[in-house]
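Chemist: Build me a structure from this.
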Amino acid sequence: MYRPNFCAECGATIVRLKWRVWTSRRFCDTCARRFRKERIKPPLIVGFMLLCTGFLAGRLGKPPAPPLIIDRSRTSPLADNEGSHPANDVSKKTDPTASADRKAISNADDAVYICGARTKKGTPCSRRVHGPVRCWQHKGSKAMMPDEKLLVKD
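Modeler: So this is what the prediction gives:
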């Protein structure tokens, strides 16, 4: 590795016991302080440009998001023909069987049960569920009580 003996700016003798990566190779300690900004500026600019180029390439290379499509079954209580839009009100008046189907579905959903599965503590789970089934955590477990006792009455 090249180690100069004299400063390139002022001609002073350079005596360094240890050379580091950040140590100036051409200037003495006094001149190196003056030229530090000029030495650091080009690598910073190149690094910033590489960062920006990588960011732009990543943004431009990303595929567009797919359109949001919501599929609902015909018997869903959230059917597309519900709402306060005038066109939807007309469809309600013309189809009497649709309102009967909605009432039957809403009556089935009105029954609220508790999970009732045995917890680690040994007590029945008190999470509310729709129908005589177990909650997400106790799926596949048996209830501690019969279904009649699990029904929540409002």
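Chemist: What is the burial count for Ser126?
Modeler: 11 (other Cβ atoms under 10 Å). The C-beta positions use only the backbone N, C-alpha and C, and glycine is treated the same way.
Chemist: repeat for Lys62
Modeler: 8.
Chemist: who's in contact with it?
Modeler: Shown here is Lys62, which makes no contacts under the criterion Cβ atoms under 8 Å, 6 or more residues apart in numbering.
Chemist: distance of it from Glu38?
Modeler: Distance, Lys62 to Glu38, by Cβ to Cβ, to the nearest Å: 38 Å.
Chemist: How about Lys120?
Modeler: Counting by Cβ to Cβ - Lys120 and Glu38 are separated by 68 Å.
Chemist: who's more crowded, these two?
Modeler: Glu38 (8 against 5).
Chemist: What strand or helix carries that one?
Modeler: helix 36-61 (DSSP states H and E).
Chemist: chain center to that helix: distance?
Modeler: 28 Å (Cα atoms, centre = their mean, to the nearest Å).
Chemist: do stretch 14-28 as well
Modeler: Worked out by Cα atoms, centre = their mean, stretch 14-28 lies 49 Å from the chain centre.
Chemist: what's in contact with that stretch?
Modeler: In this structure, residues lying in contact with stretch 14-28 by Cβ under 8 Å, 6+ apart are 1-10, 12-13, 31-32, 35, 39.
Chemist: Done for today, thanks.
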